[in-house]
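In: Generate coordinates for the sequence data below:
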Amino acid sequence: MRHAAVTALLIACHGTSGGKQTDAPMQSDGPSTTATDAAMPMPIKHVVIVVKENHTFDNYFGSFPNADGISQITIANGTVISPPHAPQNMPRDLCHDHPCALTDWAGGAMNGWEQVADASDNNDYLVYAQYQEADIPNYWQYARTFTLGDRFFANALAPSFPGHLFTIAAQAGWATSNPDNTGVQIYWGCDQGSGVAAPVTNQTTCQTEQDFPCFDIPSIPDVLPEGVDWKFYGSDFYLLPEIWSMFDAVRAVRYGPGWNNVVNESSFDDDVDNGRLPAVSWLVDQDLADEHPLVGSPCTGENWTVGHLNHIMQSPYWADTAILFTMDDFGGWYDHVPPPRQYGCDVTQPYGLGFRLPLIVISPYAKPGFIFHEVSEQASIARFVERVFGATTTLSAMDPAAQDGQANDLFGAFDFAQEPLPPLVLQQQLCL
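Out: Residues are numbered from 1 along each chain as shown. Down below sits the predicted model:
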């Protein structure tokens, strides 16, 4: 996230179009459209995309029953350890920029984590730590009741700026890291001050260039059929005049009428309660409930999520809603499953895929108590939205940098013909 600059502030007081992909697109592991699919009415009318911060699948669900987690890890010196218990209040952040991610990946060996600074201070092996059910009981309850995806990958070996962009655009203009937030400039995108740049890999030369982070790329609103509305519910850090949103980095939204659809997350519950929830919405916290180490604890973040989702559960919207809960990036935490494909101009130093992220699919039509093992990725969010609402084109057809055209559509996590599941209203935790 942009927390390298913002963490100190919170503690103190609280361009580029896509290039061409050089390798052949991988075929989707998800279900393709069939005559049965076409004949069956789509029961999903609302999609809510919840994006939190900086955790891998192993870090949140490494001990979840029947999922592909890990209970014994062989560290660099050959010693086998059990994952330590991750703390609610982190002693330090873990490096999760592009160079650190490449080191962690180690050419697919997945054994470079200890080579990164702060991974294991005084042999605490923090980078391997996991949260348990008692730490995030409501996330585990959602996963036990609905569907948990254990093959959902970040699209980039990178931190939050690319990660968030992939959730709205299925690409990040080949950006590999966050903009340089010199002077605590905490907007990411067209509102950044002059001279601020983000590193972008030129897909022709493979060289890193510094580009202003205001990109001419299409995003999900561009493929929504007419009449399918959307909103981005974000937060303002308690001190910004505008809502923080990754749509700030999409020039056509930031300087077009779509910017009016970027609103404060405090209005989400009111919209749900009063029948104003749009067909597609992003629900993103960037304050103290974002779950980013050193900024927000998993407990605080889970309470924020549960509070909002309870409103959906207790409303008529529950009957036709699909909620996709995930993270923006891996946060430096260990994950043991190698990314299944490499893409970008140099597959020995790939742009992606990145590491596994948690994915919880919450819906009356999510397969109950199901582990979704199909390979999917952040670009699957766009593919899912396109299929649910019958988009006539894809983002990748508009710009080959977008990854949605080849991505799993997540339909394998659903049974649209099943008896709809009842809502699951949960109690928030007492956070210490």
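
In: Now do the same for residue 135: its pLDDT.
Out: For residue 135, the pLDDT comes out at 98.

In: residue contacts, it?
Out: Residues near residue 135 by Cβ atoms under 8 Å, 6 or more residues apart in numbering: 86, 88, 298-299. C-beta coordinates here come from the backbone N, C-alpha and C atoms, glycine included.

In: what do you get for residue 304?
Out: Residue 304 neighbours (Cβ under 8 Å, 6+ apart): 285, 289.

In: List the buried residues of the helix or strand that contains it.
Out: Per DSSP states H and E, residue 304 falls inside helix 298-313. With burial defined by 16 or more other Cβ atoms under 10 Å, the residues of helix 298-313 counted as buried are 298-306, 308-313.

In: Which single one of the residues you listed is nearest to residue 226?
Out: Closest approach to residue 226 among the buried residues of helix 298-313 (Cβ to Cβ): residue 312, at 25.3 Å.

In: what sits against the closest one?
Out: Applying Cβ under 8 Å, 6+ apart, the residues near residue 312 are 48, 272, 277, 318, 321, 323, 423.

In: Mind putting the residues you listed into JSON lines with neighbour count, pLDDT and secondary structure?
Out: Putting those into JSON lines (neighbours: other Cβ atoms under 10 Å; pLDDT from 0 to 100; DSSP: H, G, I helix; E, B strand; the rest coil) gives the following:
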{"residue": "48", "neighbour count": "24", "pLDDT": "99", "secondary structure": "strand"}
{"residue": "272", "neighbour count": "25", "pLDDT": "98", "secondary structure": "helix"}
{"residue": "277", "neighbour count": "23", "pLDDT": "98", "secondary structure": "coil"}
{"residue": "318", "neighbour count": "23", "pLDDT": "98", "secondary structure": "helix"}
{"residue": "321", "neighbour count": "25", "pLDDT": "98", "secondary structure": "strand"}
{"residue": "323", "neighbour count": "24", "pLDDT": "99", "secondary structure": "strand"}
{"residue": "423", "neighbour count": "18", "pLDDT": "98", "secondary structure": "coil"}
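
In: Which residue is the nearest non-sequential neighbour of residue 280?
Out: residue 230 (4.1 Å; Cβ to Cβ, 6 or more residues apart in numbering).

In: Repeat that for residue 388.
Out: Among residues not flanking residue 388 along the chain, residue 44 sits closest, at 5.1 Å (Cβ to Cβ, 6+ apart).

In: what does residue 353 give?
Out: Nearest residue to residue 353, sequence neighbours excluded (Cβ to Cβ, 6+ apart): residue 339, at 3.7 Å.

In: wait, is residue 360 part of a strand?
Out: Yes - counting by DSSP: H, G, I helix; E, B strand; the rest coil, residue 360 is part of a strand.

In: what pLDDT does it get?
Out: pLDDT recorded at residue 360 is 99.

In: helix, strand or coil for the spatially closest residue to it that is not a sequence neighbour?
Out: Nearest in space to residue 360, with sequence neighbours left out and distances taken as Cβ to Cβ, 6+ apart, is residue 325 at 4.2 Å. Look at residue 325: counting by three-state DSSP, its state is strand.

In: quick revisit: can you say which two of the contacts of residue 135 are spatially most distant?
Out: Distance extremes for the contacts of residue 135: the farthest pair is 86 and 299 at 11.7 Å, using Cβ to Cβ.

In: Taking the contacts of residue 312 together, which two end up most distant?
Out: Using Cβ to Cβ, the two most remote members of these are 277 and 423, lying 14.8 Å apart.

In: which intervals of the stretch 101-250 of the chain have sub-threshold pLDDT?
Out: Filtered on pLDDT under 70, the stretch 101-250 of the chain yields the residue ranges 181-186, 238-239.

In: Show me the helices in it, by range?
Out: For the stretch 101-250 of the chain, the helices defined by DSSP state H, counting those that start in this stretch occupy 137-145, 160-169.

In: most packed of those?
Out: helix 160-169 (a mean of 28; mean count of other Cβ atoms under 10 Å).

In: just checking, what packs against that helix?
Out: The criterion is 3 or more Cβ pairs under 8 Å, 6 or more residues apart in numbering; DSSP states H and E, and the helices and strands that helix 160-169 contacts are strand 46-52, strand 280-284, helix 379-388.

In: Can you lay out those as TSV showing distance to residue 173?
Out: As requested, the helices and strands packed on helix 160-169 are exported to TSV (distance: least, Cβ to Cβ, whole Å):
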stretch	distance to residue 173
strand 46-52	18
strand 280-284	18
helix 379-388	14
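
In: Pull out the buried positions in stretch 249-259.
Out: For stretch 249-259, by 16+ other Cβ under 10 Å, it's 249-254, 258-259.

In: Of the residues you listed, just say which sits nearest to residue 163.
Out: The nearest one, if we look at the buried residues of stretch 249-259 relative to residue 163 and count by Cβ to Cβ, is residue 249, at 12.1 Å.

In: That closest one and residue 190 touch, don't they?
Out: Yes - shown here, residue 249 and residue 190 form a contact pair, counting by Cβ atoms under 8 Å, at 6.8 Å.

In: Now list whatever residues contact both of these two.
Out: 213-214.

In: list the contacts for residue 265?
Out: Residues near residue 265 by Cβ under 8 Å, 6+ apart: 233-235, 283-285, 308.

In: how near is residue 361 to residue 59?
Out: Relative to residue 59, residue 361 is positioned 19 Å away (Cβ to Cβ, to the nearest Å).

In: hmm, back to that, I'd like to check the angle between the helix holding residue 304 and strand 280-284, please.
Out: Relative orientation of helix 298-313 and strand 280-284, computed by axes from the mean of the first three to the mean of the last three Cα atoms, to 10 degrees: 150 degrees.

In: What is the distance between helix 298-313 and the centre of its chain?
Out: Helix 298-313 sits 17 Å away from the centroid of its parent chain (Cα atoms, centre = their mean, to the nearest Å).

In: And for stretch 202-211?
Out: 25 Å.

In: buried ones in it?
Out: For stretch 202-211, a neighbour-count test (16+ other Cβ under 10 Å) marks 203, 211 as buried.
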